[in-house]
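**Student:** Fold the following and give me the result.
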Amino acid sequence: MAEILGVEINGVPVPSIQESTIRIESILGRTLGSAKMTIHDKYANLPVNELSDVVIYRRDTGERIFGGLCSIPTGWTEGRSRWWELNCQQYTTLLETTLVFNSYPSGFTYDGLTGDKAIIAHLFERSVVGLGGGEGLASEINARTYVQQALTSMAAMFFFYTSLLEAMVTISNYSGWNFRVDHYKRLHYYLRESAPATFNLSSEPDGVTTIGYHGLKWKRDGTYVRNAYLMFGANLFSSPQEYILPSNGADEVLTLGIYDIGINVALAAPPGFRTIRVFKNTGTDETPVWAEQVVGIDYIDTIPPKQVLHSPIGQTLRFGTAPPNLTSSVRIIALIPFTGGQPDSDAASILKYGRLFSKRLVASDANSVAALRAKLSSYKQQFAYAVEMCTLKVNDSDFPVGSTARFEVGQFVYLTNSILGILNKGYVVHRVTTTVLGGQLRQYDLELRSWFTEVIT
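**Tutor:** Here you go, the predicted structure:
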């Protein structure tokens, strides 16, 4: 029987795979999907290494059903042949392992884009730590074509050495939209209803718009119901504050924490700037003349071309030449972090369950009161009521003959089951696990959820 799936490693086709060993798990959101398989490296010439690029595709259509990096290759020999078991992680791992650093004022625009689209594009293209503000991941992940717009204006946001994955979770929480990286390294950001599945699911399928399924299990999980909340944000920031510092004219490094001005904390860049603002006094104490410096981030940027480097962690300023020996030698404009709280409750949930189920939350990536409220709203949507969840199985034989459509994470699908009383109810495809049963038949284990959002708690 001809193989129905193909595998490529760093673009090199694998001539022989054991299809029965292939297991692909695609997951929506922060949790990384995975793939596992056994391949036969008959001539010991396949480019198998940790972090090799791995693609699994359908031989009949060429469509990818998995794309990611090989995290753990395990090899062994049988006679003169070499075999590999490959454990892989989907391309979302690229977001998890990339840090960004930037601040975005309310109303931020970039390259003709506004709102969430502007912030997302700038994060991927101009905010990646360690790349000097160059192309970032733009040459590898397409963060424009499949990014829709939820909001034309966003609250001020600040990302302090945050992973791209956490940054996308923050934006998604604020807008209420979903995101994912597909098997072609394309970022999708969309309203859940705007990604409908080709077929819906029914216990009485018509074979045209609905197909059948097997092994349905349906539950309502009230374990984590919470309807009264107090959410704290660890990274709320003040309005821009100004401080004047002295210098002895000799030291090129100023340690900010030694000054009794309340800034022995991680200062943040004011809106519209990548770093804090620093000025040198080229005049006198009586008549200061403030010359703004070109500021970089210590251990990332260098002098030159920067004139001063700020260490947000060590809270130091490293100058190329020492500031003058003046009482009013250096001027700083920055944001000061503080911790704030936001209470809320869900009256309808309290009425339904007849009591309070309380929760104290810490949103470590909320960086404004508006962002804190948005995250709290997302938490309410997810936890004010029991979560509905379905698991079921679909085989290739359940689809109409000739159809190549299959289910993907993030799609919106309607489910009907006359026995359980589920009538055309909408769910988000949260997880798809693909296995090969043998011959030309594959099985898809689907996990459907009534609502999807990601909240840091």
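**Student:** And the helix or strand containing Tyr57, what's buried?
**Tutor:** Here Tyr57 sits within strand 53-58, counting by DSSP states H and E. For strand 53-58, a neighbour-count test (16 or more other C-beta atoms under 10 Å) marks 53-57 as buried. All C-beta spots, glycine's among them, are computed from the backbone N, C-alpha and C.
**Student:** Quick check: Asn173 is in a helix.
**Tutor:** Yes: assessed with DSSP: H, G, I helix; E, B strand; the rest coil, Asn173 lies in a helix.
**Student:** nearest to Val432, of the buried residues of strand 53-58?
**Tutor:** Among the buried residues of strand 53-58, Ile56 lies closest to Val432 (C-beta to C-beta), at 13.0 Å.
**Student:** I'd say the closest one and Lys36 touch.
**Tutor:** No: counting by C-beta atoms under 8 Å, Ile56 sits too far from Lys36 to count as a contact (10.6 Å).
**Student:** Please save the CA atoms from the strand holding Tyr57 in PDB.
**Tutor:** Written as PDB, here are the backbone C-alpha positions of strand 53-58 (Å, rounded to 0.1, in the frame of the first residue of the first chain):
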ATOM      1  CA  ASP A  53      13.200  21.700  10.400                       C
ATOM      2  CA  VAL A  54      10.600  18.900  10.100                       C
ATOM      3  CA  VAL A  55       7.600  18.900   7.800                       C
ATOM      4  CA  ILE A  56       4.900  16.200   7.400                       C
ATOM      5  CA  TYR A  57       2.700  16.500   4.400                       C
ATOM      6  CA  ARG A  58       0.000  14.700   2.400                       C
END
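**Student:** Pairing partners for that strand, with directions?
**Tutor:** strand 5-9 (antiparallel), strand 64-78 (antiparallel) (DSSP bridges).
**Student:** Common neighbours of Ile56 and Lys36, please.
**Tutor:** Residues touching both Ile56 and Lys36 (C-beta atoms under 8 Å, 6 or more residues apart in numbering): Ile22.
**Student:** Quick check: which of the strands paired with strand 53-58 is buried the most?
**Tutor:** strand 5-9 (a mean of 20; mean count of other C-beta atoms under 10 Å).
**Student:** average pLDDT for that one?
**Tutor:** Regarding strand 5-9, the rounded mean pLDDT is 91.
**Student:** Please tell me how far the helix or strand following it is from the chain's geometric centre.
**Tutor:** The element immediately downstream of strand 5-9 (helix or strand, assigned by DSSP H and E) is strand 12-13. Strand 12-13 has its average C-alpha position 30 Å from the chain's average C-alpha position, going by C-alpha atoms, centre = their mean, to the nearest Å.
**Student:** Going by neighbour count, which residues of stretch 306-318 are buried?
**Tutor:** 306-312, 315, 317-318.
**Student:** swap that for stretch 325-341, please
**Tutor:** Of the residues in stretch 325-341, those buried (16+ other C-beta under 10 Å) are 326, 328-337.
**Student:** Then stretch 287-301?
**Tutor:** Applying 16+ other C-beta under 10 Å to stretch 287-301 flags 288, 293, 295-298, 300-301 as buried.
**Student:** between the residues you listed, which is closest to Glu19?
**Tutor:** Nearest to Glu19 among those, with distances taken as C-beta to C-beta, is Ile300, at 46.0 Å.
**Student:** before we move on, which element is the closest one in?
**Tutor:** Using DSSP H and E, Ile300 falls outside every helix and strand.
**Student:** That one touches Val100, doesn't it?
**Tutor:** No: look at Ile300 against Val100 with C-beta under 8 Å: they stay out of range, at 12.0 Å.
**Student:** Can you pull the residues that touch both of those two?
**Tutor:** Going by C-beta under 8 Å, 6+ apart, residues that sit against Ile300 and also against Val100 are Val129.
**Student:** State the pLDDT value of Gln440.
**Tutor:** Taking Gln440 on its own, its pLDDT is 61.
**Student:** Let me fix that, I meant to ask about Asp260.
**Tutor:** Taking Asp260 on its own, its pLDDT is 46.
**Student:** mind checking the SS state of the residue nearest to the spatial centre of the chain?
**Tutor:** Central residue of the chain (C-alpha atoms, centre = their mean): Leu165, 2.4 Å from the mean position. Look at Leu165: counting by three-state DSSP, its state is helix.
**Student:** so who does the residue nearest to it when sequence neighbours are not counted touch?
**Tutor:** Among residues not flanking Leu165 along the chain, Leu95 sits closest, at 4.0 Å (C-beta to C-beta, 6 or more residues apart in numbering). Applying C-beta under 8 Å, 6+ apart, we find Leu95 in contact with 141, 163-165, 168, 181.
**Student:** try it again with 7 Å
**Tutor:** 163-165, 168, 181 (C-beta atoms under 7 Å, 6 or more residues apart in numbering).
**Student:** Next secondary structure element downstream of the longest helix along the chain?
**Tutor:** As assigned by DSSP state H, the longest helix anywhere in the chain is helix 369-383. Following helix 369-383 in sequence order, the next helix or strand is strand 387-395 (DSSP H and E).
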